[in-house]
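Participant: Need coordinates for the following:
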Amino acid sequence: MHSQKLIPNRLIHFESFEVYFWKRISKNFFYFSCIGLFLSIVYIPFDYQLHSGSDNFYFILGGRATAVFFAIMVVVASFHPFFEHRNVLAITTFGTMGFSAVTLTYLLFGNPVHFVIYSWFFYLVATMMQTPLITNKIFFIMEGYQVSFIAAVMVYTHQSAEEMVIFLSLAIPLVGYVYSVIWLNRKNGKEAYQNALQNHILMSLDGLSNLLNRRTWYETSQRKWEGDKGISFVMLDIDHFKKVNDTYGHECGDLVIQSVSQTLLEQTREYDIIGRLGGEEFGILLPQTSLGEAQIIAERIRQRVESTLISYDGKEVRVTVSLGLIRNNDTIDDFNTLVVLGDKCLYKAKQTGRNRVVSYEEV
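Facilitator: Numbering: from 1, shown residues only. Below is the predicted model:
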């Protein structure tokens, strides 16, 4: 039996890698970011207790308020539609700015360096939660900036060599560990995504034609019909297909199925929905298509199939197709009725000589 590898084509609609994983982590990350916001607010009384008598108290409070603002933006970026498809970039940017505000405030006004490490640890946990969506580029820009920024502020604030050693001895291995986690999770995530995509393809496509299988075509077409009443429908059947199988064998029949399927993909538009509904029977749903436009598409398919030579075992095989065509109208109250009427037109095309297009108006 001739078969072809199932590969994604324009009939397959599956989430991108980023959308696929964001849907799976967004809820947990939202809760985690809310905890981060809560902690940012809770720290304010501690800052007050430590620095209320200081001349720099309002600067410290301003730094903390800035951190709270960016913590709020992280929460917003984790769910608001405005940040759709750029959630990770927004979250890492806002998180980095918030952490920078806290770091600058702590080190400028005399907090111990381990205060910075505690805040950074929470920040790194948030980073790990977003794997496998953190790319190498985002990670190294983000963490390189963080380490460089902290080190520069420590130098500017004349931190002791001991404090600098403490920071670097914690920062370098911690960054390395986080990167290892992100790299491994991204690798595993890509494998999981490919498995999910392949399973979706196997469930959606017919193994021989590489078109939508009957179940997926009906489900997809039903949804489209419910939202688009300007649809036209074509039912197509390969003429005398049994004779091809009886004369040349089923392997040749498989090549015919594949050839016709390829023609359907080539002669229809990106948004048309094509499926193999039975042995040699195909359905084509044409969204927002008038009867005249549908007739042009159907006739183009008929002519291309008729002119295509299929080589098999040193022989050249030609086939033709019959097509039934109907445009949706107000008298059709469910999708199955549209299919039944299209099948009726197909029957008329076969009955009147085959290798022709018959529309519902002619029945």
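
Participant: Would you mind giving the domain segments of the protein?
Facilitator: 17-201, 214-362 (automatic domain parsing).

Participant: Mind telling me which of those domains the model trusts least?
Facilitator: Mean pLDDT values for these show the minimum at domain 17-201, a mean of 84.

Participant: TSV please, covering the domains of the chain and showing mean neighbour count.
Facilitator: To be clear about C-beta, it is placed using only N, CA and C from the backbone, and glycine gets the same treatment. Output for the domains of the chain, formatted as TSV (neighbours: other Cβ atoms under 10 Å):
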stretch	mean neighbour count
domain 17-201	16
domain 214-362	18
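
Participant: In the stretch 151-300 of the chain, mark out all the strands, start to finish.
Facilitator: Per DSSP state E, counting those that start in this stretch, the stretch 151-300 of the chain carries strands over the ranges 232-238, 273-276, 281-286.

Participant: Nearest to residue 219, out of these?
Facilitator: Residue 219 lies closest to strand 273-276 among those, at 10.0 Å (Cβ to Cβ).

Participant: Hmm, residue 189 is touching residue 134, no?
Facilitator: No: between residue 189 and residue 134 there is no contact under Cβ atoms under 8 Å: 10.4 Å.

Participant: what's the spacing between the spatially closest residue to residue 299 that is not a sequence neighbour and residue 302?
Facilitator: Here the nearest residue to residue 299 in space, its sequence neighbours aside, is residue 357; by Cβ to Cβ, 6 or more residues apart in numbering that works out to 5.6 Å. Going from residue 357 to residue 302 by Cβ to Cβ, to the nearest Å gives 6 Å.

Participant: who's in contact with the residue nearest to residue 299?
Facilitator: Applying Cβ atoms under 8 Å, 6 or more residues apart in numbering to residue 357 gives the contacts 295, 298-299, 302, 322-325, 349.

Participant: among those, which are in helices?
Facilitator: Counting by DSSP state H, these place 295, 298-299, 302, 349 in helices.

Participant: which element is residue 139 on?
Facilitator: Assigned by DSSP states H and E, residue 139 belongs to helix 136-156.

Participant: quick one: that helix to chain centroid distance?
Facilitator: Mean-position distance between helix 136-156 and its chain equals 32 Å (Cα atoms, centre = their mean, to the nearest Å).

Participant: Quick one: residues in contact with it.
Facilitator: 88-89, 92, 96, 99-100, 103-104, 107-108, 113, 116, 120, 123, 127, 163-164, 167-168, 171-172, 175, 178-179, 182-183.

Participant: what packs against the lengthiest helix in the chain?
Facilitator: Using DSSP H to define each element, the chain has its longest helix at helix 161-204. Packing partners of helix 161-204 (3 or more Cβ pairs under 8 Å, 6 or more residues apart in numbering; DSSP states H and E): helix 17-51, helix 113-129, helix 136-156.

Participant: wait, which of those is closest to residue 233?
Facilitator: Distance to residue 233, taken as Cβ to Cβ, is lowest for helix 17-51 among these, at 30.7 Å.

Participant: So residue 295 is in contact with residue 325, correct?
Facilitator: Yes: if you go by Cβ under 8 Å, residue 295 and residue 325 touch, sitting 6.4 Å apart.

Participant: Quick check: neighbours shared by the two?
Facilitator: 357, 359.

Participant: mind checking how far stretch 234-253 is from the chain centre?
Facilitator: Distance, stretch centre to chain centre, for stretch 234-253: 37 Å (Cα atoms, centre = their mean).

Participant: what residues does it touch?
Facilitator: 1-2, 256-257, 260, 264, 277, 279-284, 286, 294, 297-298, 301, 310, 312-313, 315, 317, 319-325, 339, 342-343, 345-346, 350, 354-355.

Participant: and it, how far apart are its ends?
Facilitator: 22 Å (Cα to Cα, to the nearest Å).

Participant: wait, what's in contact with the closest residue to residue 301 other than its chain neighbours?
Facilitator: Closest residue to residue 301 apart from its sequence neighbours, by Cβ to Cβ, 6+ apart: residue 267 at 4.8 Å. Neighbour list for residue 267: 297, 300-301, 304 [criterion: Cβ under 8 Å, 6+ apart].

Participant: try residue 228
Facilitator: By Cβ under 8 Å, 6+ apart, the contact list for residue 228 reads 287-288.

Participant: For the stretch 251-363 of the chain, which segments count as helices?
Facilitator: When assigned using DSSP state H, counting those that start in this stretch, the helices of the stretch 251-363 of the chain occupy the ranges 291-307, 335-351.

Participant: I'd like to know which of those helices lies nearest to residue 71.
Facilitator: helix 335-351 (49.0 Å).

Participant: and the angle for the closest one with strand 281-286?
Facilitator: Going by axes from the mean of the first three to the mean of the last three Cα atoms, to 10 degrees, helix 335-351 is angled at 120 degrees with respect to strand 281-286.

Participant: Let's verify the most far-flung residue of the chain relative to its centre: helix, strand, or coil?
Facilitator: Largest separation from the mean C-alpha position in the chain: residue 53, at 53.9 Å (Cα atoms, centre = their mean). Three-state call for residue 53 (DSSP: H, G, I helix; E, B strand; the rest coil): coil.
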